[in-house]
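>>> dropping the sequence and predicted coords here.
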Amino acid sequence: MSKLIDSTPRADGFRMPGEFEPHRQIWMLWPQRPDNWRLGGKPAQRAWVDVASAISRFEPVTVGVNHDQYENAVNMLPGSVRVVEISNNDSWMRDCGPSFVVNDKGDVRLVDWGFNAWGGLYDGLYFPWDKDDLVAQKVAQIEQVDRYKAPLIMEGGSFHVDGEGTVLTTEECLLSPGRNPDLTREQIEEHLRDYLNVEKVIWLGKGIDPDETNGHVDDVACFVRPGVVMAAVTDDKDDWRYELLQDNLRRLRETTDAKGRKLEVITLPMPAILEITEDEAWGIDSAEGTIPRRPGDKTAASYLNFLIVNGGIILPTFDDPYDNPARGIVAGAFPDREVVTVPGREIVLGGGNVHCITQQQPRG
Ligand code: KQY
């Protein structure tokens, strides 16, 4: 049975673990919507198979899928992947899915955030999003874990925790008018404290995709382990992202975490700005209420959008000269994990990457 708990993780002694802590499994959602994924989602489905196969080398994977794609997903995915029917509007499990929390006894519960497709009717990316908004509740039922409903519109890609009381996020996203316009910064911080059980909120400024997620942090910074963060940078002063990435770097170098530690910051280069080609844009259906994709549109390609799994890292690459240097830096930062690369272009055409399409469930 999964109960809705009328309390908060903080009050009950639950905390969200860092992504680098041991997992029970990874959750994903199967892509299919033709106004976001080109050619009816077929190339994206192949990319999902690559990602799910790479993860299953390290830990179990469950993929939620709409009724009409159930059989296809079962046939395309490796037999080791569990496929369950979860109706959804699109495939961003990081964002519409739950955030799991654990206590010292090993119990696991989850937090169900409000989801409004990255900005609702203000600047959201599609309408409706009602199926996505039920995904966390369905995961709770499937896993039989109790659920907290947070009074906050927020996506999993908009924050990272260190598991020791610190959360990293961006002002651009969490203070955006399309999410919680009635809440002050202080009230948002209070909710983060209560539902993630953290003491310290580190506010970065901006992310690299203002029109997509309003600047999710998971493209620009993450925790490697408590006290150590990785931050995306570019050397190219003509790149529009240069200044905002430098600003984030300054903030990280100047701050301390919940334990009072100064952060060690490892920098990771960005790939060159990756644009949608005419051919790629042609394959995407145009639909009212969905932001159009045009040739020349810039994507949010970033190596930082990798996923940490048990014993491994799943790193997107882009046929870019920085692919190998980035791989080397990530491998050096995580010496006990094997870095497995997957092609990231097809996923980023839809607006995110490996981290955005996955959600970890801690072992507890
Ligand atoms: O977390 C993400 N990067 C999701 C982006 C959603 C894009 C929808 N087209």
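Yep, it's here.

>>> for E190, see how far away the nearest residue to P210 once chain neighbours are set aside is.
Residue nearest to P210 in three dimensions, not counting chain neighbours: E172, with 6.8 Å by C-beta to C-beta, 6 or more residues apart in numbering. Bear in mind the C-beta positions are built from the backbone N, C-alpha and C, glycine included. As for E172, its distance to E190 is 20 Å (criterion: C-beta to C-beta, to the nearest Å).

>>> more neighbours: which of those two?
E172 (22 against 14; other C-beta atoms under 10 Å).

>>> so which strand or helix has I55?
helix 42-56 (DSSP states H and E).

>>> mind listing what's buried along whichever helix or strand comes after that helix?
Next helix or strand after helix 42-56 toward the C-terminus (DSSP H and E): strand 61-65. Residues V61, T62, V63, G64, V65 are the ones in strand 61-65 that count as buried (16 or more other C-beta atoms under 10 Å).

>>> for the stretch 201-350 of the chain, which residues are neighbours of the ligand?
Residues of the stretch 201-350 of the chain lying near the ligand by C-beta under 6 Å from any ligand atom: E212, T213, H216, G350.

>>> hang on, isn't the second one packed against G156?
No: the pair formed by T213 and G156 falls short of the contact definition of C-beta atoms under 8 Å, at 10.8 Å.

>>> and the residue of the stretch 151-300 of the chain nearest the ligand?
Nearest residue of the stretch 151-300 of the chain to the ligand, counting by C-beta to the nearest ligand atom: G157, 3.9 Å away.

>>> tell me the spacing between that residue and A300.
11 Å.

>>> number of residues surrounding N324?
N324 has 11 neighbours, counted by other C-beta under 10 Å.

>>> so it, which of the three states?
Under DSSP: H, G, I helix; E, B strand; the rest coil, N324 falls in the helix class.

>>> how confident was the prediction at it?
Note for N324: predicted pLDDT of 98.

>>> in a strand, A117, correct?
No: A117: not assigned to a strand; according to three-state DSSP it is coil.

>>> that one reaches D123, doesn't it?
No: counting by C-beta under 8 Å, A117 does not reach D123; the two are 9.7 Å apart.

>>> please identify which of those two sits among more neighbours.
When A117 and D123 are compared for neighbours, A117 comes out ahead with 26 against 17, by other C-beta under 10 Å.

>>> check contacts around the more buried one.
N89, G124, L125, Y126, F127, W129, D132 (C-beta atoms under 8 Å, 6 or more residues apart in numbering).

>>> circling back: please enumerate the shared neighbours of T213 and G156.
D95.

>>> who's more crowded, the two?
T213 (28 against 25).

>>> so what's that one closest to, chain neighbours aside?
In space, T213 is closest to W118, 5.2 Å off (C-beta to C-beta, 6+ apart).

>>> neighbours around that neighbour, how many?
For W118, using other C-beta under 10 Å, the count is 29.

>>> common neighbours of G157 and A300, please.
T213, G352.

>>> returning to what we had before: the helix holding I55 near the ligand at all?
No: judged by C-beta under 6 Å from any ligand atom, helix 42-56 stays clear of the ligand, getting no closer than 11.2 Å.

>>> same for that helix, what does it pack against?
strand 23-29, strand 61-65, helix 70-76, strand 312-317, strand 338-343, helix 345-349 (3 or more C-beta pairs under 8 Å, 6 or more residues apart in numbering; DSSP states H and E).

>>> with distance to C96 and mean pLDDT added, can I get these in a markdown table?
Listed next are those as a markdown table, based on distance: least, C-beta to C-beta, whole Å; pLDDT from 0 to 100:
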| stretch | distance to C96 | mean pLDDT |
| --- | --- | --- |
| strand 23-29 | 8 | 99 |
| strand 61-65 | 10 | 99 |
| helix 70-76 | 17 | 98 |
| strand 312-317 | 20 | 98 |
| strand 338-343 | 22 | 98 |
| helix 345-349 | 16 | 98 |
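
>>> to N197, which of these lies closest?
Minimum separation from N197 across those (C-beta to C-beta) falls at strand 23-29, 18.7 Å.

>>> go through the buried residues of strand 61-65 and name the one nearest the ligand.
Out of those, the member with the shortest distance to the ligand (by C-beta to the nearest ligand atom) is G64, at 15.9 Å.

>>> identify the residues contacting the residue nearest to the closest one when sequence neighbours are not counted.
Spatial nearest neighbour of G64, chain neighbours left out: I86 (3.1 Å); criterion: C-beta to C-beta, 6+ apart. Contacts of I86 were listed using C-beta under 8 Å, 6+ apart, and they are L29, G64, V65, N66, V135, K138, V139, I142.

>>> redo that, cut-off 7 Å
L29, G64, V65, V135, K138 (C-beta atoms under 7 Å, 6 or more residues apart in numbering).

>>> can you check R241 too?
For R241, the contact set (C-beta under 7 Å, 6+ apart) comprises I208, T234, M270.

>>> show me what the helix or strand where L192 lies is packed against.
Here L192, judged by DSSP H and E, is contained in helix 185-196. On a contact count with 3 or more C-beta pairs under 7 Å, 6 or more residues apart in numbering; DSSP states H and E, helix 185-196 meets helix 9-12, strand 146-153.

>>> in it, what counts as buried?
I188, E189, H191, L192, R193, D194, Y195, L196.

>>> was I right about the fifth one contacting T8?
What it means is R193. No: applying C-beta atoms under 7 Å as the test, R193 and T8 come out as separate, 8.9 Å apart.
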